[in-house]
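[1] Next input, structure requested:
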Amino acid sequence: MVWAIVPLYFGWIVNELTSAKASYRTALQTGFSFVWAGAHWSFQYMTSNPDAAKDFNLRIFLAVNVTVTVLTLIIGLAALVSGFRRRYPRYGAFLGHTRFMNYFMITIFPMQSGVLPWSWERFVAILAFAVPIWMLFHFGLMPFRK
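    Down below sits the predicted model:
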């Protein structure tokens with residue numbers, strides 16, 4: 001699991017020390033972080049549920065971890081494509097804001113990796129506390145940015 005979470009922390013620290021302005025470079029950073037985490041979570045899910053690929057049905061998307069993994073991969077791929085094309089989709093400029101996205105991925109990592117059981121209550125709690133804690137880091141690290 002260290003190989004999966006260390007790049008997220010590294011990306012978050014690098015993003016906190018760079019400009020807050022969204023750019024195509026930051027969209028590439030977001031895309032890489034999201035695809036990295038989504039690939040790790042997909043690998044873990046497939047190794048713990050080897051019959052999932054054979055018995056594929058839409059009911060597996062009702063599981064929180066599968067839904068979050070699929071959304072993470074979709075957002076990551078959209079950010080990567082936007083960064084490479086140097087063009088955001090309509091209403092997609094948020095893909096260039098990596099700070100909050102990396103922080104959010106780190107907060108859900110224990111549940112997605114199976115260390116803690118997933119529940120919708122934990123997901124709502126993370127959403128409730130994500131913004132205040134992220135703002136604390138955002139303003140606390142402001143003196144170190146360019």
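[2] got the residue ranges for the strands in this structure?
    Using DSSP state E, the chain contains no strands.
[3] Give me the contact list for the lengthiest helix in the chain.
    As assigned by DSSP state H, the longest helix anywhere in the chain is helix 24-48. Defining contact as Cβ atoms under 8 Å, 6 or more residues apart in numbering, one finds that helix 24-48 is touched by 3-4, 7-8, 11, 14-15, 18, 52-53, 65-66, 68-70, 72-73, 75-84, 86, 88, 95-98, 101-102, 105, 109, 112-114. (C-beta placed from N, C-alpha, C; glycine too.)
[4] Report the buried residues of it.
    24, 26-38, 40-41, 44-45 (16 or more other Cβ atoms under 10 Å).
[5] what about residue 95, distance to residue 36?
    Separation of residue 95 from residue 36 (Cβ to Cβ, to the nearest Å) stands at 15 Å.
[6] Please apply the same query to residue 86.
    Plainly put, residue 86 is 22 Å away from residue 36 if you go by Cβ to Cβ.
[7] Thanks again, I'm all set now.
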